[in-house]
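**Student:** I would like the atomic coordinates for the input below:
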Amino acid sequence: MSSSYATAEDLRLYGSRKVFSPNSASPSTGHARPILEDALLQRNLLPASSTILSLAERAQSNPAYKQQLLDIIELSKTDPQVSQAAANAITILVKASVRFHGADLRGIRVPGADLSGGQFDSAQLQGADLTGADLSQAWIRQANFANARLDEVCFRELPFLREPLCGITCALSPDGKTFAVGLDFNGVKVYETSTWTVIHHLRGHTRDVNSVAYSPCGRRLVSGSRDGTMRLWDCLTGSLIRVFDSRIGAVDAVAYSPEGDRACLASSDGSVQVFDLDTGDTIFSVNDHT
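**Tutor:** The predicted structure is shown next:
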């Protein structure tokens with residue numbers, strides 16, 4: 001009885017054989033239909049982890065081979081018969097650290113693919129067949145899974161940040177490159193998300209930081225604290241720009257205006273105040289909010 005898994009010889013052929021378009025004697029490019037052996041289309045490469053890693057190394061060093069794998073994934077949108085090959089292809093590319101941030105993956109068929117640790121932020125996955133795929137520790141911020149087939153998908157635990165101090169609030173910058181965490185009694189820490197290292201420790205608040213918010217451009221940050229102040233910070237240098245005093249009580253929440261020139265704070269007594277960030281002036285306040 002034949003196995004549904006690839007043999008060592010099959011894997012060798014899969015890694016070495018060129019992919020050709022049906023009407024050309026040269027390797028396919030763009031969205032030309034790849035020709036793969038029928039046996040390989042039906043076989044699963046995933047149990048052979050060492051071979052997957054070997055093929056991933058090839059994809060890293062051989063742009064033509066990488067493009068062939070991308071073509072197989074693209075073809076799966078219209079040809080369900082290549083779904084197994086597409087699952088193998090995207091698994092290899094993920095292991096090769098290929099980024100799919102913002103990629104148009106609508107309607108791809110990659111059931112059972114190993115996408116663990118993959119980078120799919122803002123990817124368009126509407127209508128994709130991800131049945132049984134492994135998305136553990138994958139980056140999927142703002143990815144669109146509308147109408148995707150997610151039966152038996154494994155998400156496990158999402159990537160996490162271990163902060164030794166007590167984190168109370170957090171915010172991700174608009175471009176996703178930095179991450180701010182408001183702490184108890186110890187200001188705000190700003191992390192660089194590609195390495196998750198601290199790039200700034202914003203000190204100045206004397207009590208817990210209850211809320212943080214990035215400006216629309218991501219270059220500034222406001223923080224609100226139980227010490228009754230809202231502070232404006234420069235995200236590039238980590239320096240303090242201005243302090244806004246609520247004059248009433250603890251600041252429970254802060255928010256930026258869409259234009260980025262104003263910020264508001266909400267205090268524990270129910271009042272709301274809006275400030276001009278350039279001048280520091282109070283534009284208006286509501287003190288009878290219930």
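**Student:** which helix or strand in this structure has the lowest average pLDDT?
**Tutor:** Least confident helix or strand, the chain: helix 38-41 with a mean of 43, by mean pLDDT, DSSP states H and E.
**Student:** okay, the closest residue to residue 113 other than its chain neighbours: pLDDT?
**Tutor:** Excluding the flanking residues, the one nearest residue 113 by C-beta to C-beta, 6 or more residues apart in numbering is residue 87, at 4.1 Å. C-beta here means a position set from N, CA and C on the backbone, and glycine is covered the same way. With respect to pLDDT, residue 87 has a value of 94.
**Student:** in which helix or strand does residue 87 reside?
**Tutor:** Here residue 87 sits within helix 83-95, counting by DSSP states H and E.
**Student:** can you pull the buried residues of the next helix or strand after the least confident helix or strand of the chain?
**Tutor:** Downstream of helix 38-41, the first helix or strand assigned by DSSP H and E is helix 49-61. Buried residues in helix 49-61, counted by 16 or more other C-beta atoms under 10 Å: 51, 52, 55, 56, 58, 59.
**Student:** just give me the closest of these to residue 132.
**Tutor:** Using C-beta to C-beta, residue 52 comes nearest to residue 132 of these, at 16.5 Å.
**Student:** assumed residue 263 was part of a strand.
**Tutor:** Yes - under DSSP: H, G, I helix; E, B strand; the rest coil, residue 263 sits within a strand.
**Student:** that one touches residue 256, doesn't it?
**Tutor:** Yes - counting by C-beta atoms under 8 Å, residue 263 touches residue 256, with 5.3 Å between them.
**Student:** which neighbours do these two have in common?
**Tutor:** Here residue 263 and residue 256 have 213, 222 as joint contacts, going by C-beta atoms under 8 Å, 6 or more residues apart in numbering.
**Student:** higher neighbour count, these two?
**Tutor:** Applying other C-beta atoms under 10 Å to residue 263 and residue 256 shows that residue 263 carries more neighbours, namely 22 against 19.
**Student:** who's in contact with the more buried one?
**Tutor:** Contact analysis of residue 263 by C-beta under 8 Å, 6+ apart lists 213, 222, 230, 232, 244, 254, 255, 256, 257, 274, 275, 277.
**Student:** which of those are buried?
**Tutor:** Listed as buried from the contacts of residue 263 are 213, 222, 230, 232, 244, 254, 256, 274, 275, 277; burial here means 16+ other C-beta under 10 Å.
**Student:** what helix or strand is the second one on?
**Tutor:** Same thing as residue 222. Applying DSSP H and E as the criterion places residue 222 in strand 220-225.
**Student:** neighbours around residue 247, how many?
**Tutor:** If you count neighbours by other C-beta under 10 Å, residue 247 ends up with 12.
**Student:** quick check: which element contains it?
**Tutor:** Judged by DSSP H and E, residue 247 forms part of no helix or strand.
**Student:** and it, what does it touch?
**Tutor:** Contacts for residue 247 were tallied using C-beta under 8 Å, 6+ apart; they are residue 228.
**Student:** now with 10 Å, please.
**Tutor:** Going by C-beta atoms under 10 Å, 6 or more residues apart in numbering, residue 247 touches 228, 229, 267, 271, 273, 282, 285.
**Student:** the fifth one - that's part of a strand, no?
**Tutor:** Yes - secondary structure assignment (three-state DSSP) places residue 273 inside a strand.
**Student:** separation between it and residue 286?
**Tutor:** Distance of residue 273 to residue 286, computed by C-beta to C-beta, to the nearest Å: 8 Å.
**Student:** of these two, give the one with the bigger neighbour count.
**Tutor:** Using other C-beta under 10 Å, the more surrounded residue of residue 273 and residue 286 is residue 273, with 22 against 12.
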